[in-house]
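> Structure for the following, please:
(one chain, ligands or ions: 1)
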Amino acid sequence: MEYETVELDDKDDALVIIDQTKLPGKTEIIRLKTAQEMWDAIYLLKVRGAPAIGVAAAFGIYLLAKQIDTADYSTFLAEFRKQKEYLDSSRPTAVNLSWALKRMEKIVTDNRDKSVEEIKRLLKAEADAIKAEDIRVCKTIGEFGLTLVKPGDGILTHCNAGQLATSKYGTATAPIYLGEERGYHFRVFADETRPLLQGARLTSYELHSSGVDVTLICDNMAATVMKNGWVDAVFVGCDRVARNGDTANKIGTSSVAIAANYYNVPVYICAPTSTIDMNTATGADIHIEERPAEEVTQMWYRERMAPEGVKVYNPAFDVTDHSLIAGIVTEYGIAREPYEESFREIFARKENAEYD
Ligand code: MRU
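From the prediction side, this is the model:
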């Protein structure tokens, strides 16, 4: 893609993003400077997808910290925490948001002996590191994911866990992009992903513009393409993985997983370790965001498609039970049942790698 999903313009004190609500019709780059603009951009899904939200929050809190006009550490810390909590309240399900903000806060608290100016410099370095890591992590997930499929395979994906949801490559799309570079010629099925159409507007746009063989289907067609024998594997991203392997991802993922299990199609979740939340025991403990009724009743339609006043239930995510998942692909290998044990090994690998 010609543009970065999330970028920092340090000279102009701006967080620069593609407004994803305008895609695919219009590529509009917007510059966010205030806490309110950043909060709105995350809530309104101008920037979305768990890793991209994390990177945006890291650059965002750095820019807000830069605006704190004091040399006194305690005053700086109090104001920093206020801004951090505000950004953290924009969306509840993707753990990468709080994960990135906590990482940034740790820079402030670990360096209390340094000047506020120096802390601001360290915050920028940390935000840059979070973005650089995201790119490296996605590519490695792609390499591991590629070992699970073979040339010519049919792959179904749900929502957008692509380049637009990360800094580069995506998570669920990383094996697809790497496979494409290596002549695998996958046939990809992208669910449209009601109600916000991330699959139609973003995934089919991304893959189609990259020359990948992609077919767009409505969500309710996934079981049919599986029954037809066109799908060899499901690759999806995720917003939070609980300790037992239960996984929250875009609403509809669990129906895809149930259908895939029925038709003996393996379901792989692509998850950077930053999305695995060992403090959350099971999927039942994950806070699922609920969004406005209008997203279901009228958004995208020329006119309202449901009676005024009808009750609407609009959860943005669902939880796929770990028993339906064939493997969770991380940047440190593929986790399998029993997940808690497998995650502990993966985190040990990560720790050793970081201290090599
Ligand atoms: O509401 P969204 O568009 O932010 O939901 C995004 C998803 O559910 C993605 O699959 C998930 O964040 C993983 S992105 C690599």
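> Can you pull the domain assignment for the protein?
Following automatic domain parsing, one finds the domains of the chain at 6-133, 139-355.
> need these in CSV with mean neighbour count and mean pLDDT, can you?
Placement of C-beta: from N, CA and C, glycine included. Converted to CSV, the domains of the chain look like this (neighbours: other CB atoms under 10 Å; pLDDT from 0 to 100):
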stretch, mean neighbour count, mean pLDDT
domain 6-133, 19, 98
domain 139-355, 20, 97
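> Need the ones you listed in JSON lines (columns: distance to the ligand).
As requested, these are arranged in JSON lines below (distance: least, CB to the nearest ligand atom, whole Å):
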{"stretch": "domain 6-133", "distance to the ligand": "3"}
{"stretch": "domain 139-355", "distance to the ligand": "3"}
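> contacting residues around stretch 253-267?
148, 156, 158-159, 191, 219, 222-223, 226-227, 231-234, 236, 247, 317-321, 324-327 (CB atoms under 8 Å, 6 or more residues apart in numbering).
> Now, the residues you listed that are in helices?
222-223, 226-227 (DSSP state H).
> starting at the chain centroid, how far to the helix or strand containing Y62?
Element membership of Y62, judged by DSSP states H and E, is helix 50-66. From the chain centre to the centre of helix 50-66 is a distance of 14 Å (CA atoms, centre = their mean, to the nearest Å).
> again, but for stretch 259-267
With CA atoms, centre = their mean, you get 23 Å for stretch 259-267.
> Please apply the same query to stretch 268-281.
The answer for stretch 268-281 is 11 Å, by CA atoms, centre = their mean.
> And for stretch 161-169?
For stretch 161-169, the distance to the chain centre is 8 Å (CA atoms, centre = their mean).
> got the contact list for it?
Taking CB under 8 Å, 6+ apart as the rule, stretch 161-169 contacts 1, 4-6, 18, 20, 23, 48-52, 55, 131, 134-135, 138-139, 141-142, 170-173, 177-178, 202-203, 206-207, 235-238, 270.
> show me where the chain has helices.
35-43, 50-66, 73-88, 95-110, 116-146, 174-181, 198, 204-209, 222-227, 253-262, 294-297, 339-354.
> Tell me which residues touch the residue nearest to the spatial centre of the chain, please.
Nearest residue to the geometric centre of the chain (CA atoms, centre = their mean): A50, 2.4 Å. Applying CB under 8 Å, 6+ apart, one finds that A50 lies in contact with 94-97, 165, 237-240, 275.
> please redo it, this time with the cut-off set to 10 Å
91, 93-97, 99-100, 161, 165-166, 171, 237-240, 248-249, 271-272, 274-275 (CB atoms under 10 Å, 6 or more residues apart in numbering).
> How about T27?
Applying CB under 10 Å, 6+ apart, the residues contacting T27 are 1-3, 18-20.
> try E345
Applying CB under 10 Å, 6+ apart, the residues near E345 are 332-333, 335.
> closest to I288 among the residues you listed?
For the contacts of E345, the minimum distance to I288 (CB to CB) is 22.4 Å, reached by A335.
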